[in-house]
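Enquirer: Here you go, sequence then predicted model.
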Amino acid sequence: MLDFAIVVWFVLTAVSAAYVAWDSVTNNPELRVMKWGWLLVTLYTGPIGAAVYVLSCQEPMKATHADFVRPLWKQAVGSTIHCLAGDATGIILAAAVSSALGLVMWHDLIAEYTIGFAFGLLVFQALFMREMLGGSYAKAVRVSFMPEWLSMNAVMAGMIPVMVVLMSRDMAAMHPGSPRFWAVMSLATLAGAVMAYPVNVWLVAVGLKHGMGTSNVLGKGGHAPSAESLPAQHPAGHVAVAALPRYTRPQLAAVSLVSLLALGGGVLVGGLGGFLTMAPSAAVAPMAGQPHSGM
């Protein structure tokens, strides 16, 4: 029954990803990187990702996208999707390679964190968004580092316990050749999204990350629609409010601490509910017709 449910989930995921790809290309004026982001996240999260796309990003009528995505909760959804597309891609790739190398689980987690963070920062954040920051890749890396790190901590805080606990109970799920591996990664990505969303709400609210917006607004050094409704000038009359920091150093330190505590909590839950010293070499991918344990 579990394997049948996984197959149904994969079929629904394929249909969902096809729909999101078609709509984002033909109807949605979002940035190109966000089109890829939504497609990747939908591949990882199936119909749930497609539903979130429809509710938060799909343009209801022509030329209404900027107004539609203006609310903070939708801006934060876009920020989360942007983060998750890069981070989860790196994490899943690292998990597949780690399995092939036979690394124990805690080594695997270190590799996933490192590769996921690097891919998210250097590709999905800095490379794809450098035009928003004047075209400088080095500046894009520097500006993106802190918000990407905070998001990555939250993503891994959600993904680690799901991966460790479920793979500890069904070692076939440690092998990329098994459908159960991809089912676990899908569930883990959903958990990572849930954990990352509150962090991204704060990051967008204080201006550390952009949210969703049309390509003509965000494509060439523009700002997120969430900032468009702000007064054009500081009360003093000279400095644009959007250019001013909307957070304090102690606030940033507090959010950093919370993200680290969440990450540590994810590792703790994984260690208590699973086996961090387990290695995929201890398990043999199930052969056709052979029974295997349930998750």
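Expert: Structure received.
Enquirer: With adjacent residues omitted, what lies nearest to residue 7?
Expert: The shortest distance from residue 7 to any non-neighbouring residue, by C-beta to C-beta, 6 or more residues apart in numbering, is to residue 179 (7.2 Å). C-beta: built from backbone N, CA, C; applies to glycine.
Enquirer: I'd say that neighbour and residue 5 touch.
Expert: No. With contact defined as C-beta atoms under 8 Å, residue 179 does not count as touching residue 5 (10.4 Å).
Enquirer: quick one, longest helix in this structure?
Expert: In the chain, assigned by DSSP state H, the helix with the most residues is helix 137-169.
Enquirer: tell me which strands and helices that one is in contact with?
Expert: Applying 3 or more C-beta pairs under 8 Å, 6 or more residues apart in numbering; DSSP states H and E, one finds that helix 137-169 contacts helix 72-101, helix 105-119, helix 126-129, helix 179-205, helix 249-273.
Enquirer: Check the offset of that helix from the chain's centre.
Expert: 8 Å (C-alpha atoms, centre = their mean, to the nearest Å).
Enquirer: pLDDT on that helix, on average?
Expert: Computed over helix 137-169, the mean pLDDT rounds to 94.
Enquirer: Stretch 261-273 too?
Expert: For stretch 261-273, the per-residue pLDDT averages 97.
Enquirer: in it, what counts as buried?
Expert: 262, 263, 266, 267, 269, 270, 271 (16 or more other C-beta atoms under 10 Å).
Enquirer: Quickly name whichever of these is closest to residue 116.
Expert: residue 263 (12.2 Å; C-beta to C-beta).
Enquirer: Does that closest one touch residue 159 like I think?
Expert: No. Contact criterion C-beta under 8 Å: residue 263 and residue 159 do not qualify, at 10.4 Å.
Enquirer: And the buried residues of stretch 261-273, which is closest to residue 49?
Expert: residue 266 (21.3 Å).
Enquirer: Go ahead and confirm that closest one touches residue 158.
Expert: Yes. Using C-beta under 8 Å, residue 266 is in contact with residue 158, at 6.7 Å.
Enquirer: lowest average confidence, helix or strand, in the protein?
Expert: helix 215-218 (a mean of 47; mean pLDDT, DSSP states H and E).
Enquirer: Against residue 140, how distant is residue 115?
Expert: 19 Å (C-beta to C-beta, to the nearest Å).
Enquirer: likewise residue 174?
Expert: Counting by C-beta to C-beta - residue 174 and residue 140 are separated by 35 Å.
Enquirer: Please say which of these two ends up with more neighbours.
Expert: Using other C-beta atoms under 10 Å, the more surrounded residue of residue 174 and residue 140 is residue 174, with 27 against 22.
Enquirer: so who does the more buried one touch?
Expert: 99, 167, 181, 278, 280, 283 (C-beta atoms under 8 Å, 6 or more residues apart in numbering).
Enquirer: Do you know the pLDDT at the third one?
Expert: This points to residue 181. 95.
Enquirer: Neighbours of it, how many?
Expert: Other residues within reach of residue 181 by the criterion other C-beta under 10 Å amount to 23.
Enquirer: quick one: it and residue 171 touch, right?
Expert: No. Counting by C-beta under 8 Å, residue 181 does not reach residue 171; the two are 10.4 Å apart.
Enquirer: how close does residue 193 get to residue 272?
Expert: From residue 193 to residue 272 the distance is 23 Å (C-beta to C-beta).
Enquirer: residues contacting the residue minimising distance to the centre of the chain?
Expert: Nearest to the geometric centre of the chain sits residue 84, at 0.9 Å (C-alpha atoms, centre = their mean). Taking C-beta under 8 Å, 6+ apart as the criterion, residue 84 is in contact with 37, 41, 44, 155, 189, 192, 193, 196.
Enquirer: The second one: how many residues sit nearby?
Expert: The one in question is residue 41. Applying other C-beta under 10 Å, I find that residue 41 has 28 neighbouring residues.
Enquirer: And for the last one?
Expert: Neighbourhood size, residue 196 [other C-beta under 10 Å]: 31.
Enquirer: just the third one next, same as before
Expert: As a burial measure, residue 44 scores 26 neighbours (other C-beta under 10 Å).
Enquirer: Tell me the backbone dihedrals of it, please.
Expert: Per-residue torsions, residue 44: phi -90, psi -30 (degrees, to the nearest 10).
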